[in-house]
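Trainee: below is the structure, and that's it, no one-letter string:
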């Protein structure tokens, strides 16, 4: 059995008196591709923020690599691409190299110069996402799908073991989306990268991920993609409270 990287147990969270997460459990194993799905307002982004220490832990337990969240320090092991990456200001005057380097300057300190080792790390991350030919290009000149790859490279530059993506395909065309999932599978296969992808797109995620977790305040299903497909209607009725039609995209 592959080792457990993330272990969330009995996690609950409130905004004032409104409970947005109720007794949530979630697990991510080494080498796994996990899709966390649920409708808008189901608590997906809140769960991510608590897991990443961006919101305080109120009730329950989160462990990364067996270490309690409040004691966990090795954040370089976790790469994160937030929803905000999708609304990037395309007029921002920065090259692909400069944007990806931002993933490493946090560790170096803002005013320290990049050494040869860091430059090689940046170039390797850009190559991993198939953008080596665009390294000096301004990010505003790239397509939405290419910009998305730049932000993935920025998350990968510290050589993490886990990549977390929050609604990464919003605003991306079908061709770029297909290429994006091919990239994730290659990173998972060749670099043994564990992936946690958050999305409301049930059709694609259930087809592309190994494991599915359905969240709507609570976890209503957490298991293999094949099992999800076999019991999909029942799971979705439980998760969403009404019948849901799942659209499978043809790329």
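Mentor: That came through, no problem. All values reported here derive from a predicted model rather than from experimental measurement. Numbering: from 1, shown residues only.
Trainee: going forward, measure contacts between C-alpha atoms and count neighbours the same way
Mentor: Will do.
Trainee: ok, now which ones touch the residue nearest to residue 68 when sequence neighbours are not counted?
Mentor: Spatial nearest neighbour of residue 68, chain neighbours left out: residue 62 (6.0 Å); criterion: C-alpha to C-alpha, 6 or more residues apart in numbering. Contacts for residue 62 (C-alpha atoms under 8 Å, 6 or more residues apart in numbering) come out as 6-9, 11, 51, 68-69.
Trainee: could you do residue 142 as well?
Mentor: Taking C-alpha under 8 Å, 6+ apart as the definition, residue 142 has no contacts.
Trainee: can you give me phi and psi for it?
Mentor: Here is the backbone geometry of residue 142 (degrees, to the nearest 10): phi -90, psi 160.
Trainee: where's it relative to residue 91, distance?
Mentor: Counting by C-alpha to C-alpha, to the nearest Å, the separation of residue 142 from residue 91 is 11 Å.
Trainee: returning to what we had before: so the residue nearest to residue 68, which of the three states?
Mentor: strand (DSSP: H, G, I helix; E, B strand; the rest coil).
Trainee: beta partners for it?
Mentor: Under DSSP bridges, the beta-bridge partners of residue 62 are residue 8.
Trainee: pLDDT at it, what is it?
Mentor: Looking at residue 62, its pLDDT stands at 97.
Trainee: next up, the contacts around the closest residue to residue 158 other than its chain neighbours.
Mentor: Of all residues beyond its chain neighbours, the one nearest residue 158 is residue 76 (5.9 Å), with distances taken as C-alpha to C-alpha, 6+ apart. Residues near residue 76 by C-alpha under 8 Å, 6+ apart: 158-160.
Trainee: helix, strand or coil for the spatially most central residue of the chain?
Mentor: Residue closest to the average C-alpha location in the chain (C-alpha atoms, centre = their mean): residue 165, at 1.8 Å. The local conformation at residue 165, judged by three-state DSSP, is strand.
Trainee: where in this protein is pLDDT low?
Mentor: 1, 84-90, 105-112, 241-251 (pLDDT under 70).
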